[in-house]
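A.B. asks: Fold the following and give me the result.
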Amino acid sequence: VTDVTPTITHPCWKQEHEENVRRNELPECIRKSGANVDADAGCRADAIATECRNRLIESIRNTMQQVVLGTNGAQPNNRDRKLGLLLSGGVDSTAILEAAKSINATLDAAVTVVIVEDGDDNANRRPPEDELYATEAARLYNEDHPCNEPTPMTHSIVRLTPAQLIEKYSLP
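C.D. replies: Below you'll find the predicted structure:
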């Protein structure tokens, strides 16, 4: 276990940090969450992370409900409705993907857009880190996901140079 206590060197910051710990001030939503929070900064960070995750999961549930029910509440033809994710490989999109898996939400597709250097046509090049993270996140989502039988979420990777990006998506 890594110690996450910050090193505070400036006297003003140290005093402010000590005052915050002493007051044990937390946002009301964290206090209401029922999390067992004490004066320890690690505990507060865990409580805040738990609250963020709970809100993310609730947002995904609401989105899934809108997809199933349609925006006006009428039953649409669910086979025609698909839900996907722009998967950058960063913290936000992988957190959404993990939260969706945790509640068995079915995502049909993920798309990762990677910017590569001009003239980088070397087939042996190492993919950018975001592409690697996105690929691993998609693999983990598909692994043992009960809603992905028999068809797992497809993951497409689009590689563009800056010039291609500008040419394709700039307004005339």
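A.B. asks: so where do the strands sit in this protein?
C.D. replies: All strands of the chain, identified by DSSP state E, fall at 84-86, 109-115, 154-160.
A.B. asks: List the buried residues of the first one.
C.D. replies: Translated: strand 84-86. The neighbour-count check on strand 84-86 (16 or more other Cβ atoms under 10 Å) flags residue 85 as buried. Quick note: C-beta positions are derived from backbone N, CA and C, even for glycine.
A.B. asks: what helices or strands is that strand leaning on?
C.D. replies: helix 91-102, strand 109-115 (3 or more Cβ pairs under 8 Å, 6 or more residues apart in numbering; DSSP states H and E).
A.B. asks: So which residues make contact with the shortest one?
C.D. replies: I take that to be strand 109-115. Applying Cβ atoms under 8 Å, 6 or more residues apart in numbering, the external contacts of strand 109-115 come out as 82, 84-89, 97, 127-128, 130-131, 134-135, 138, 141, 153-162, 165.
A.B. asks: one step back: okay, the strands of the chain in TSV with distance to residue 169 and mean pLDDT next?
C.D. replies: Putting the strands of the chain into TSV (distance: least, Cβ to Cβ, whole Å; pLDDT from 0 to 100) gives the following:
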stretch	distance to residue 169	mean pLDDT
strand 84-86	14	93
strand 109-115	10	93
strand 154-160	9	92
